[in-house]
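1. just need the structure, nothing else, for what follows:
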Amino acid sequence: MGMFDVTNKPDTLRRAVALAIVKTSPETIQLIKERRSPKGDIIEAAKIAATMGAKKTCDLLPYCHSIPIDNVKVDVELKESSIEVRVETKTIWKTGVEMESLTAASIGALTIYDMLKPVDDNLSIESIKLLEKSGGIKGVSEKSNKKLRAAVLVISDSTSQGTREDKSGKLAVELLAKNGFEISECVVVADDSSSIESSLRKFCDELKVDLVITTGGTGIGPRDITPEVTKKIIEKEMQGLSEAIRTYGQRRTPLSMLSRGVSGVRGQTLIVNVPGSAKAVSESFEALFPGLLHIYKMLGGYGH
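-> Numbering: from 1, shown residues only. Purely as a prediction, here's the structure:
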């Protein structure tokens with residue numbers, strides 16, 4: 001048991017709204033409105049306490065991650081015989097903020113209880129519940145109406161000659177299948193311009209697969225020519241995909257910036273270059289999915 005490992009999850013905008021309700025007597029509500037509470041301004045105190053509660057959540061809950069809180073909005077509303085504490089919390093991070101909102105609402109309600117207990121013997125905290133939450137990879141997941149097909153092109157002199165085992169291609173096939181793709185082909189070629197180009201043309205123009213993942217040949221070595229050949233093939237470059245791969249990798253290793261991989265579309269096929277190591281393939285898929293799947297709606301003319 002322990003904290004969930006969120007190391008490989010992408011940062012997304014996360015939002016959560018929680019509500020706590022403190023039951024009071026109508027006379028107590030009138031006392032608050034007339035500012036006659038013996039412990040001072042209850043509404044402002046509850047707002048401050050709830051805000052502090054959101055920021056201190058990880059100190060109170062043992063398995064809750066320490067996350068950056070970008071915004072906490074607290075509303076305290078007086079009803080006929082109750083007080084409602086509504087908290088909205090936002091962050092751009094790997095995990096959600098529902099516990100921060102729930103904790104904030106709880107602390108706000110407890111503050112109200114503490115300040116009103118000298119004047120109301122019938123106080124009770126009636127409920128604390130989550131009203132809304134959004135964000136995370138589920139918020140950008142897409143389902144295609146058709147079965148998507150993919151091909152993998154492993155570009156490596158040593159692998160094509162049988163002197164090195166193909167790990168990156170096998171991993172790419174496994175991860176593609178995990179993300180719902182049917183694998184049409186997995187081919188290994190040398191770092192040779194004509195071999196790379198003919199394979200890419202076959203995948204795009206003959207097999208008409210939806211996605212081609214190339215592994216290897218993205219560095220600055222004398223035989224690294226994958227980006228140049230890919231640029232020759234594609235009709236529309238998708239710079240954002242390659243930037244996402246490098247940005248994600250750079251947060252994990254300072255060498256990611258040395259990759260020159262490109263991405264783009266030829267016809268209805270998306271081609272994405274990823275580096276040749278298994279670790280780089282894994283990180284590239286973590287960066288790309290599930291957001292990449294939205295491209296198939298765009299290619300189909302459905303836009304955003």
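2. how far away from the center of its chain is the lowest-mean-pLDDT helix or strand in the chain?
-> In the chain, the helix or strand scored least confidently by mean pLDDT, DSSP states H and E is helix 157-160, which has a mean of 74. Mean-position distance between helix 157-160 and its chain equals 35 Å (Cα atoms, centre = their mean, to the nearest Å).
3. helix or strand right after that helix?
-> For helix 157-160, the succeeding helix or strand toward the C-terminus, using DSSP states H and E, is helix 168-178.
4. ok, and what's touching the least confident helix or strand of the chain?
-> With Cβ atoms under 8 Å, 6 or more residues apart in numbering as the test, helix 157-160 has contacts from Val154, Arg164, Glu165, Asp166, Gly169, Val188, Val189, Ala190, Asp191, Gly216, Arg223. Glycine gets a C-beta too; all of them are placed from N, C-alpha and C.
5. nearest to Glu132, of the residues you listed?
-> Using Cβ to Cβ, Gly169 is the member of these that sits closest to Glu132, with 42.8 Å.
6. and the nearest residue to Arg35 once chain neighbours are set aside, how far is that from Lys47?
-> Leaving out its chain neighbours, the residue that sits closest to Arg35 by Cβ to Cβ, 6 or more residues apart in numbering is Asp41, at 7.0 Å. Per Cβ to Cβ, to the nearest Å, Asp41 is found 10 Å from Lys47.
7. and those two? Which one has more around it.
-> Lys47 (21 against 13; other Cβ atoms under 10 Å).
8. the residue nearest to Arg35 against Glu34, yeah?
-> No: the pair Asp41 and Glu34 does not pass the contact test of Cβ atoms under 8 Å, sitting 12.0 Å apart.
9. quick check: neighbours shared by the two?
-> Common contacts of Asp41 and Glu34 (Cβ under 8 Å, 6+ apart): none found.
10. check the burial of Arg223 by counting its neighbours.
-> What Arg223 shows, counting by other Cβ under 10 Å, is a neighbour count of 14.
11. just checking, it touches Ser193?
-> No: assessed by Cβ under 8 Å, Arg223 is found out of contact with Ser193, at 10.2 Å.
12. distance between the ends of stretch 263-279?
-> 19 Å (Cα to Cα, to the nearest Å).
13. how about stretch 231-250?
-> End-to-end distance (Cα to Cα), stretch 231-250: 23 Å.
14. quick check: mean pLDDT of that stretch?
-> Average pLDDT, stretch 231-250: 96.
15. next: stretch 21-36.
-> 94.
16. now that stretch, how far from the centre of its chain.
-> 43 Å.
17. show me what counts as buried in stretch 218-230.
-> Buried positions in stretch 218-230, judged by neighbour count with 16 or more other Cβ atoms under 10 Å: Thr218, Gly219, Asp224, Ile225, Thr226, Pro227, Val229, Thr230.
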